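1. below are the sequence and a predicted model; questions follow.
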Amino acid sequence: MEILSKALDRVGKGEIAALCIVIDKVGSAPRDPGSLMIVMSNGEKMGSIGGYETEEPIVNAVMDSLRRGEYAPRRITINFGAKASEGEVDTGHICGGKFTVLIKFLLPRERMIIVGSGNVARALGSLASAAGMKPIAVDDNKDSLGEMGRMGIQTIDGETMEDALRVAFAGVGAADSIVIAHGDIEYDYIALREAVKTRAHYIGVLAGKRKASEFLKRLREDGVAGNELVGRVFMPAGLDIGSDNPLEIAVSIIAEIIRKKKGIKDWSHHLDLVNKLIKGDPA
């Protein structure tokens with residue numbers, strides 16, 4: 001199919017595509033099962049599964065998932081005047097039918113930008129590759145960065161850390177993640193401040209409560225709203241699995257990224273300092 005081929009080509013270049021497929025039809029509805037529409041990450045539509053009232057809620061659902069960085073498949077039932085069930089989208093039509101659309105996301109290979117090249121960064125690079133991600137390390141320490149290069153991990157450096165970050169973050173897309181594990185407080189903050197300007201769906205920072213609180217305060221002073229951070233910035237990075245060595249920390253971070261992409265809402269295994277501090281709850 002031509003539109004699918006075009007979408008796959010763009011996914012290969014770093015975009016995200018959502019396949020919107022009619023999987024069930026009852027009564028009178030615009031399209032039959034198998035009908036396909038593709039929504040790209042910029043909102044562009046290819047193909048059609050009905051008129052504006054049919055497609056608008058589907059496009060909105062796609063864009064909502066993209067904003068939240070959650071790419072688990074989801075179903076939406078569009079009602080055209082049939083007896084409605086809870087959760088269905090009512091178009092106001094009187095045709096008397098309904099159909100269900102499955103939204104399936106096609107993601108480019110996720111890139112993980114790792115700020116730093118120490119023990120945790122090296123463990124992350126290895127595990128990210130094993131999990132199918134493409135790790136890219138950025139640092140001002142050319143010696144330890146060289147070690148990551150010898151591991152087969154792409155590296156980026158520059159005359160200054162700011163220059164290196166600018167290059168590393170330039171092409172970050174909505175399917176990519178950023179983990180800040182440099183260790184220098186100022187460089188970690190600069191990396192976080194610039195990371196929130198990207199489209200990365202996940203930004204993790206190695207941080208305790210004091211560091212997280214200070215970074216949130218500085219972000220507010222720099223004009224970043226708290227609601228832009230909840231569900232996207234994670235301090236400390238990683239699920240709470242009792243990690244106490246670099247490999248375990250890396251495992252917890254990879255697991256957290258996977259949970260987020262899958263849209264799992266149970267964060268009982270996460271310390272969630274960002275959410276607690278922004279809401280003013282005790283952490």
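-> Nice, I can see it. Numbers count the residues shown, from 1 in each chain.
2. R220 belongs to a helix?
-> Yes - counting by DSSP: H, G, I helix; E, B strand; the rest coil, R220 is located in a helix.
3. can you tell me what sits against stretch 8-16?
-> For stretch 8-16, contacts defined as CB atoms under 8 Å, 6 or more residues apart in numbering pick out 17, 40-42, 66, 71, 105-108, 171, 173-175. C-beta here means a position set from N, CA and C on the backbone, and glycine is covered the same way.
4. show me how far that stretch is from its chain's centre.
-> Remark: stretch 8-16 is offset 16 Å from the chain centroid, using CA atoms, centre = their mean, to the nearest Å.
5. picking up where we left off before, can you turn the buried part of the contacts of stretch 8-16 into a ChimeraX selection?
-> ChimeraX command restricting the contacts of stretch 8-16 to the buried ones, with burial defined by 16 or more other CB atoms under 10 Å:
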select :17,40,41,66,71,105,106,107,108,173,174,175
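6. so which of the contacts of stretch 8-16 are in helices?
-> Judged by DSSP state H, the contacts of stretch 8-16 include L66 as members of helices.
7. nearest to G242 among the contacts of stretch 8-16?
-> Y71 (28.3 Å; CB to CB).
8. for G183, see how far away the closest one is.
-> Distance, Y71 to G183, by CB to CB, to the nearest Å: 31 Å.
9. kindly report the same for R31.
-> Distance from R31 to G183, by CB to CB: 55 Å.
10. can you check R193 too?
-> R193 is 17 Å from G183, by CB to CB.
11. can you tell me the closest non-neighbouring residue to the residue most central in space within the chain?
-> Centroid-nearest residue in the chain: H201, 2.5 Å away (criterion: CA atoms, centre = their mean). Nearest non-adjacent residue to H201, counting by CB to CB, 6 or more residues apart in numbering: G69, 2.6 Å away.
12. check what pLDDT that neighbour gets.
-> pLDDT recorded at G69 is 85.
13. that one reaches I258, doesn't it?
-> No - checked against CB atoms under 8 Å, the pair G69 and I258 is beyond contact range at 12.0 Å.
14. neighbour-wise, which of the two wins?
-> More crowded of G69 and I258, by other CB atoms under 10 Å: G69, with 21 against 13.
15. verify the stated contact: F99 with G27.
-> No - contact criterion CB under 8 Å: F99 and G27 do not qualify, at 9.0 Å.
16. returning to that earlier point: any figure for the gap between the residue nearest to H201 and D240?
-> 20 Å.
17. host element of the spatially closest residue to I113 that is not a sequence neighbour?
-> Once flanking residues are discounted, I113 sits nearest to I178: 4.6 Å by CB to CB, 6+ apart. When elements are assigned from DSSP states H and E, I178 belongs to strand 177-180.
18. residues making contact with that strand?
-> 110-116, 121, 124, 133, 169, 172, 188, 191-192, 195, 198, 200-206, 237, 253, 257.
19. and the helix or strand hosting E194, what does it pack onto?
-> Element membership of E194 [criterion: DSSP H and E] is helix 185-195. Judged by 3 or more CB pairs under 8 Å, 6 or more residues apart in numbering; DSSP states H and E, helix 185-195 is in contact with strand 111-115, helix 161-169, strand 177-180, strand 202-205, helix 209-221.
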